[in-house]
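Asks: Could you work out the structure for the sequence below:
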Amino acid sequence: LNLIRIKKFRNLISIFSKSLSVSAVNCNSLIPVDLSYALYKPDAKPDSHEPLINLHGLLGSKINWRSLGKAISRKTES
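Replies: You can find the predicted model right below:
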């Protein structure tokens, strides 16, 4: 049953990505958009690590990643 769901999901992804590719090729002008983001880092310490950037899915929310972002920040501070 899970294998059937995975196959259906893959088919949907394939259809979606093909439609995005076609629409992007036919686009005459690209308009930049502002992206929403959240920044988690220790307050008193300078940046000593490369940033970790998480790009989530289309229907997600940055709020869903808040606890994970804070946990990663705490674990990687030096």
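Asks: tell me the contacts of residue 52?
Replies: 72, 76 (Cβ atoms under 8 Å, 6 or more residues apart in numbering). C-beta coordinates here come from the backbone N, C-alpha and C atoms, glycine included.
Asks: Over to the one 10 residues further on?
Replies: Contacts for residue 62 (Cβ under 8 Å, 6+ apart) come out as 36-38, 56.
Asks: With respect to residue 77, which of those is nearest?
Replies: Residue 77 lies nearest to residue 38 out of the contacts of residue 62, by Cβ to Cβ, at 16.6 Å.
Asks: Between the contacts of residue 62, which sits nearest residue 73?
Replies: Nearest member of the contacts of residue 62 to residue 73, counting by Cβ to Cβ, is residue 38, at 10.4 Å.
Asks: what does the model give the closest residue to that closest one other than its chain neighbours for pLDDT?
Replies: Once flanking residues are discounted, residue 38 sits nearest to residue 62: 5.1 Å by Cβ to Cβ, 6 or more residues apart in numbering. The model reports residue 62 with a pLDDT of 77.
Asks: repeat for residue 33
Replies: Reading off the model, residue 33 has pLDDT 84.
Asks: try residue 24
Replies: Looking at residue 24, its pLDDT reads 53.
Asks: Then residue 11?
Replies: For residue 11, the pLDDT comes out at 64.
Asks: residues near residue 72, how many?
Replies: 14 (other Cβ atoms under 10 Å).
Asks: ditto for residue 41
Replies: 14.
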